[in-house]
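Peer 1: With the input below, show me the fold.
(one chain, ligands or ions: 2)
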Amino acid sequence: MGEVLLNIVDVSRSFIAGEQELTVLKNINLQICRGELIAIIGASGSGKSTLMNILGCLDKPSAGSYFINGQDTSRMDDNELAALRREYFGFIFQRYHLLGDLTAQGNVEVPALYANEGAQTRHEKAKKLLTRLGLSDRLDHKPSQLSGGQQQRVSVARALINGGDIILADEPTGALDSSSGEEMMKLIQELNRDGHTIILVTHDPHIAEFADRVIELKDGEIIADKQKRIPVKANQLSTDQQASKTSKKINWSRYLEALKMALIAMSNHRLRTFLTMLGIIIGIASVVSVVALGAGSQQSILDNIASMGTNTIEIKPGTGRGDRRSERVRSLTADDANALKILPYVDSVTPTVRTNVAIRYASETVTGSIQGVGTEYFRVRGYALAKGQYFADDSIDTLEQVAVIDANTDQTLFPDGNALGSVIFLGRLPVRIIGVTKPIQSVSDNSDELNVWLPYTTVSGRIFRQNYVNDITVRIDANVSSDAAEQGIISLLTMRHGTVDFFTINTDTIRKSIEKTSETMTLLISAIAFISLLVGGIGVMNIMLVSVTERTREIGIRMAVGARQTDIMRQFLIEAVLVCFCGGALGIGLAYFIGMIFTYTGSSFQMIYSSTSIVAAFACSTLIGIVFGYLPARNAAKLNPVDALSRD
Ligand code: ADP
Ligand code: MG
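Peer 2: Ligands and ions are numbered 1, 2, ... in the order given. Model (predicted):
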């Protein structure tokens, strides 16, 4: 007899079935040598498959020891057992157990993948084996496109790809017709002659004829062990087949294949995958758009405020914005404006008198906003001169009939560009144009409004005949606290009027409060969006759990051919992350689409997408994949190979 390869010592295996314990294997002792061809026979239920599973390290004995090549398997952890399955054993099952999603070649390559074989070698080996088994024209066929005999030969090729020192075949001919069965047995004999140790389980005495040694089981005990012939001297397995056992380096192939498997699984359930993604898509799209919307509206409001002047305080008559009587309050005068100039932190001041009268030039009549202002108006509002000049203090004193117009009016009335020096009529008052301003960047100002500015004395003296002003605008020094300046202005005017018959609007305060409200809004809506992401994540977890249950048999097969727990875990985790990642990408796409629609519908402002929110959205969706994919992935990895395999 040759060297003992597998040594089973006093092995028992019992199962807990409900209340009672069922002992399926009782004190089995069995030595198997290299190069043997053994048949284990026995009636159905005698424990053959249970013994086979223990031999193949798919199952562990309840008592006793099992040595492989002298190594005690009871001392090994799950990963080492997976390595043994990968490196020593090749399994052939009664029902073939091929992966339905993969081609014949893909199926054969699976064990090599887990053994860290490079893609090139893997392809070549698989092709060579399939060719040898007469399947060279079936490489790209899925299992469902192959006959039973062909499927079984694919599974033989799979058993051989990592060397297959010991081939364990559980009823390999059980599902085949008699001629394919005979062929299969001839193939097995041939492999045995090539040096493979073969253990096959059968209930068919005819099949057992092919074996050199027949072991008979009955009720979990060996009742006969007949050596029919001495095995032909086994060949040493070629070195090529041994080589794969040494490769230990990190192989990105396994990650790539896991990614491929995830894509296959996703595309096999497109609708389900999409519906799962939908939660993530909606969540991410809403987070990104809400943030963009908030940023956009905030920006537009701030632009508006900026266009009112950098740091200005407006003083209006009345008690507040909603005061209807403020039109009739005539307390503010140009003298108030002049008085404010003495305050040290006041940069510039202008009173404003407003009216709407027809503007006429030649045969053209338009309506526009006529404003009587002080000389500092343009500084307060931040206007710049395009051509000509502003009116000076003289013009104020003499009620001069001169005007500065804005770029809009210039274009409307003087398309030829001859505005300077021309005389226009405001109502019946002729005024000469002395200056044109540059367009000002403002989002809110009706950009098509026409503005004509005159000295305020001209408006109140020659058009209105009134001595009060509509409002006063103060620009304060940039480095002064606007709140303090506001207080100073209020107390000065209160002193002058003897009562508070005016109110102030401080752009700085408005800006601050807008910033604060929009921050709060963003936070609030983001919280809602976050909840929707959470719900999406739970959806992903749910579907992944279903997926694990559905693919239990696949997991069993993968474990039988040597997948580590980490391999299984990785596969499902990658799938979950991929679903979430794609969902995140689609969600961001959707957010941009919403932004486009938003712009098309002619809203007054644009959504502003910040790269931070997009990166955060991606990170968030990927994280959801990891967090909610972890539990299902771990469930899959913790499955017991035997249980998983027996599942339908
Ligand atoms: P066979 O010789 O037909 O292959 P098995 O080894 O599959 O027999 O099963 C032997 C006995 O062990 C059967 O009676 C079966 O019901 C029982 N058995 C096998 N696996 C389990 C299990 N996981 N839990 C409980 N009983 C089991
Ligand atoms: Mg069985």
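
Peer 1: got a list of what Thr355 touches?
Peer 2: Going by C-beta atoms under 8 Å, 6 or more residues apart in numbering, Thr355 touches Ile370, Gly372, Val459, Ile463, Phe464. Yep, even glycine has a C-beta here, placed from its N, CA and C like the rest.

Peer 1: Could you report the distance from the second one to Ala339?
Peer 2: Note on Gly372: its distance to Ala339, by C-beta to C-beta, to the nearest Å, is 18 Å.

Peer 1: go on, Pro351?
Peer 2: Using C-beta to C-beta, Pro351 is found at 11 Å from Ala339.

Peer 1: Please give the element, helix or strand, for the closest residue to Ile528 other than its chain neighbours.
Peer 2: Of all residues not flanking Ile528 in the chain, Ser286 sits nearest, at 7.7 Å (C-beta to C-beta, 6 or more residues apart in numbering). Assigned by DSSP states H and E, Ser286 belongs to helix 270-307.

Peer 1: Can you tell me the SS state at the residue in the stretch 401-550 of the chain positioned nearest to ligand 1?
Peer 2: Nearest to ligand 1, among the residues of the stretch 401-550 of the chain, is Thr549, at 17.9 Å (C-beta to the nearest ligand atom). Following DSSP: H, G, I helix; E, B strand; the rest coil, we place Thr549 in the helix state.

Peer 1: residues near it, how many?
Peer 2: Taking other C-beta atoms under 10 Å as the criterion, the count of residues near Thr549 is 12.

Peer 1: Tell me the spacing between the spatially closest residue to Gly149 that is not a sequence neighbour and Gly148.
Peer 2: What sits nearest to Gly149 in space, not counting adjacent residues and going by C-beta to C-beta, 6+ apart, is Ser180, at 3.5 Å. According to C-beta to C-beta, Ser180 and Gly148 sit 6 Å apart.

Peer 1: do the same with Pro61
Peer 2: According to C-beta to C-beta, Pro61 stands 33 Å off from Gly148.

Peer 1: more neighbours, the two?
Peer 2: Taking neighbours as other C-beta under 10 Å, Pro61 and Gly148 compare with Pro61 leading, 21 against 16.

Peer 1: partners of the spatially closest residue to the more buried one that is not a sequence neighbour in the sheet?
Peer 2: Spatial nearest neighbour of Pro61, excluding adjacent residues (C-beta to C-beta, 6+ apart): Val11 at 4.3 Å. Val11 forms beta bridges with Ile28, as assigned by DSSP bridges.

Peer 1: these two touch, right, Val11 and Ile54?
Peer 2: Yes. The pair Val11 / Ile54 is scored as a contact, 6.5 Å apart, by C-beta atoms under 8 Å.

Peer 1: Can you work out which residues contact both of these two?
Peer 2: Both Val11 and Ile54 are contacted by Leu25, Pro61, Tyr66, under the criterion C-beta under 8 Å, 6+ apart.

Peer 1: buried sites along the strand or helix carrying Thr352?
Peer 2: For Thr352, the host element (DSSP H and E) is strand 346-361. Using 16 or more other C-beta atoms under 10 Å as the test for burial, strand 346-361 gives 346-353, 355, 357, 359-361.

Peer 1: mind listing what that strand pairs with, with the direction of each?
Peer 2: Using DSSP bridges, strand 346-361 pairs in its sheet with strand 364-373 (antiparallel), strand 423-426 (antiparallel), strand 471-476 (antiparallel).

Peer 1: Tabulate the ones you listed (CSV), appending mean neighbour count.
Peer 2: What follows is the strands paired with strand 346-361, written out as CSV (neighbours: other C-beta atoms under 10 Å):
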stretch, mean neighbour count
strand 364-373, 18
strand 423-426, 18
strand 471-476, 25
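
Peer 1: Mind putting these into CSV with distance to Met495 and mean pLDDT?
Peer 2: Shown next, in CSV, are those (distance: least, C-beta to C-beta, whole Å; pLDDT from 0 to 100):
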stretch, distance to Met495, mean pLDDT
strand 364-373, 25, 90
strand 423-426, 36, 92
strand 471-476, 15, 90
